[in-house]
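Colleague: Next one to model:
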Amino acid sequence: MNRLYYGDNLEVLRKHIRDESVDLVYLDPPFNSNRAYNVLFKHQTGTESQAQIEAFDDTWAWTQESEAAYSDLLIHGSPQVADGIEAMRKLLGDNDVLAYLVMMTARLVELRRVLKANGSLYLHCDPVASHYLKIILDAIFGPTAFRNEIIWKRTSAHSDSGQGARQLGRIHDVILFYNKGAQSRWNTIFLPYTAEYVATAYRNIDDQGRRYQTQPLHAKQPGGDTSYEWKGKVPPPGRYWAYSRENMERLDSEGRIHYSRTGTPRYKIFLDESEGRSLQDIWDDIAPVHTQPSERLGFPTQKPVALLERIIKMSSNEGDVVLDPFCGCGTTVDAAQRLGRQWAGIDITYLAIDLIDTRMRNTFPDIAGTYEIVGIPKDLEGAAALFARNPFDFERWAVSLVDGTPNERQVGDKGSDGVIRFPIDGKQIGKVTVSVKGGRQLNPAMVRDLAGTVSAQRAELGLLIVMDEITRGMVDAAAHSGTWTNPTTQKLYRKVQIVSVRDLLAGKTPDLPSAFLPYLQAQRFAPDHPTLPGLG
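Modeller: Now for the predicted structure:
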């Protein structure tokens, strides 16, 4: 079964992914390259960080955790890996770049382990770190496992080359392509010829209107009946016909031979029989996501589906297993599902896992029950554990249980942790303000506070989700919060409602209007929908 894993990918890889069970790995790990080089390489003495996502706040700076991970690689890594990461420390010093490389090395070691002997790995990065990552990959896979440095031209212009800039515009990403073994999966990708190339290379047109080009019909080595005169012509000195007399007669009868003005025979290569030009290592034909509104989910680092489809087609076949250990908004698993591959995705933020789940249900209506989400709470004990580990992820998880959209950023108790959007009529969008309380000591004031937030946000309704048991005082406060009538259906709703996590896990739902699927449909219909933070 296909799977989404919520958790640290290093832990998930070691605990859940078997040796040699994956055919293709694609990863696009977070790297905040917008930071100035002098910041990235500044020697770190504290724990302050400029991480791209919450999950790696303490990973970017060189900390005690970084030192422990570094020591583990020296002790338990292969000699090549230990030498490689030690050399990086001597070269770079203790800074954010080294912390990033230590984090990545541990995970790349595990990714090689889970790859099948004929598997491939594609690491998507940018020029700030690509040369360091290539050295690490050489140490882990071996330098002969390197296949390509793919250049993806992701935009045609960039603001960092504007007026006053002292550098060229940075408009490309790097994708490092490695094989685990010599006999890797490979399917050649062909692209259509350009109109200019066709006009030049296929300028001949036969009686049926078919375009063709020609190539010589002689060869360097003899091969049977290949020394003869053909319609008054013989091969150049020291060469032979490429075909026997019998095959030349067949080709001539089939209209496959072109005769020059001097009568020299040449073989016809028809345009409509050509697969096109084989793909090279510079890709400038796939537009970035920001030019494709139908795909945009608001992730700064989101990649287009076409890019992942190309990689998956090249290095896997139908039924193969594709793994993305930094799956972010789920483009890899989306593309894998479209192409009939099995898939697994891992992300350390619940917001990402919930978004992917919603995206897959929205994109593939019949997908329900065909994949599993591992690591999210399924009972009260799991919910309590999630709250203890990460209160913000607990809030996001609770909001997702009611098909809501969590806030873009959780920054403490501000009265609202998410929103449910629902259609009122063909033009209006209604809102339910959602507040989550994971701790104990519940009281009626929480209900009254939510009622005030609903009014301040001009929402139609409010929903309070609580971990502990709902008190009688809270029920009374909700009963006095007022009502709202849906103008389309004339149905009456209590203005503020309360539901427990226990009830939601048991399948009980609050009395609310039918919601849009969060993120996707809400974003299309609601212009005030916030963009989502980058998750890698």
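
Colleague: which stretches of the stretch 51-200 of the chain form helices?
Modeller: Counting by DSSP state H, counting those that start in this stretch, the stretch 51-200 of the chain has helices at residues 64-76, 79-92, 96-114, 130-141, 195-201.

Colleague: Any idea which of the ones you listed gets closest to residue 19?
Modeller: With CB to CB as the measure, helix 96-114 is the member of the helices of the stretch 51-200 of the chain nearest residue 19 (5.7 Å). For every residue, glycine as well, the C-beta is placed using N, CA and C.

Colleague: Quick check: which of the helices of the stretch 51-200 of the chain is nearest to residue 176?
Modeller: Taking CB to CB, helix 130-141 is the member of the helices of the stretch 51-200 of the chain nearest to residue 176, at 5.7 Å.

Colleague: any idea which helix or strand of this structure has the worst average confidence?
Modeller: The weakest-scoring helix or strand in the chain, judged by mean pLDDT, DSSP states H and E, is helix 520-525 (a mean of 43).

Colleague: contacting residues around the helix or strand hosting residue 14?
Modeller: When elements are assigned from DSSP states H and E, residue 14 belongs to helix 9-16. Contact partners of helix 9-16, identified using CB atoms under 8 Å, 6 or more residues apart in numbering, comprise 3, 5, 106-107, 110-111, 113-114, 325-326, 346-348, 374-375.

Colleague: Also stretch 375-393?
Modeller: For stretch 375-393, contacts defined as CB under 8 Å, 6+ apart pick out 5-7, 12, 54, 349-351, 353, 394, 397, 410, 438-439, 467, 501-502, 505.

Colleague: Check the separation of the first and last residues in that stretch.
Modeller: Its start and end residues considered, stretch 375-393 measures 12 Å (CA to CA, to the nearest Å).

Colleague: So which bits of it are buried?
Modeller: 375-377, 383, 386-387, 390-393 (16 or more other CB atoms under 10 Å).

Colleague: burial measure for residue 23, as a count.
Modeller: Neighbours of residue 23 under the rule other CB atoms under 10 Å: 23.

Colleague: Run through the residues that contact it.
Modeller: By CB under 8 Å, 6+ apart, residue 23 lies in contact with 115-116, 118-120, 185, 315-317, 320-322.

Colleague: Restricted to strands, list the residues you listed.
Modeller: 115-116, 118-120, 321-322 (DSSP state E).

Colleague: mind giving me CSV with those residues and columns for distance to residue 486 and pLDDT?
Modeller: Converted to CSV, those look like this (distance: CB to CB, whole Å; pLDDT from 0 to 100):
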residue, distance to residue 486, pLDDT
115, 54, 98
116, 55, 97
118, 58, 96
119, 54, 98
120, 53, 98
321, 46, 98
322, 44, 98
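
Colleague: so can I have JSON lines of the contacts of residue 23 showing neighbour count and distance to residue 260?
Modeller: Shown next, in JSON lines, are the contacts of residue 23 (neighbours: other CB atoms under 10 Å; distance: CB to CB, whole Å):
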{"residue": "115", "neighbour count": "26", "distance to residue 260": "53"}
{"residue": "116", "neighbour count": "18", "distance to residue 260": "52"}
{"residue": "118", "neighbour count": "17", "distance to residue 260": "47"}
{"residue": "119", "neighbour count": "26", "distance to residue 260": "50"}
{"residue": "120", "neighbour count": "25", "distance to residue 260": "45"}
{"residue": "185", "neighbour count": "16", "distance to residue 260": "43"}
{"residue": "315", "neighbour count": "25", "distance to residue 260": "43"}
{"residue": "316", "neighbour count": "25", "distance to residue 260": "46"}
{"residue": "317", "neighbour count": "14", "distance to residue 260": "44"}
{"residue": "320", "neighbour count": "21", "distance to residue 260": "48"}
{"residue": "321", "neighbour count": "21", "distance to residue 260": "54"}
{"residue": "322", "neighbour count": "26", "distance to residue 260": "51"}
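
Colleague: what's the farthest-apart pair in those residues?
Modeller: Most distant of the contacts of residue 23, by CB to CB, are 115 and 317, 15.2 Å apart.

Colleague: What helix or strand is residue 297 located in?
Modeller: Going by DSSP H and E, residue 297 is not part of any helix or strand.

Colleague: Leaving out chain neighbours, which residue sits closest to it?
Modeller: residue 329 (5.0 Å; CB to CB, 6 or more residues apart in numbering).

Colleague: is it fair to say that neighbour lies in a helix?
Modeller: No. Residue 329: not assigned to a helix; according to DSSP: H, G, I helix; E, B strand; the rest coil it is coil.

Colleague: thinking it is in contact with residue 358, fair?
Modeller: No. At 10.2 Å, residue 329 and residue 358 do not qualify as touching, with contact defined as CB atoms under 8 Å.

Colleague: Counting neighbours, go ahead and name the busier of the two.
Modeller: residue 329 (27 against 21).

Colleague: quick one: the more buried one and residue 132, what's the gap?
Modeller: Residue 329 sits 26 Å away from residue 132, going by CB to CB, to the nearest Å.
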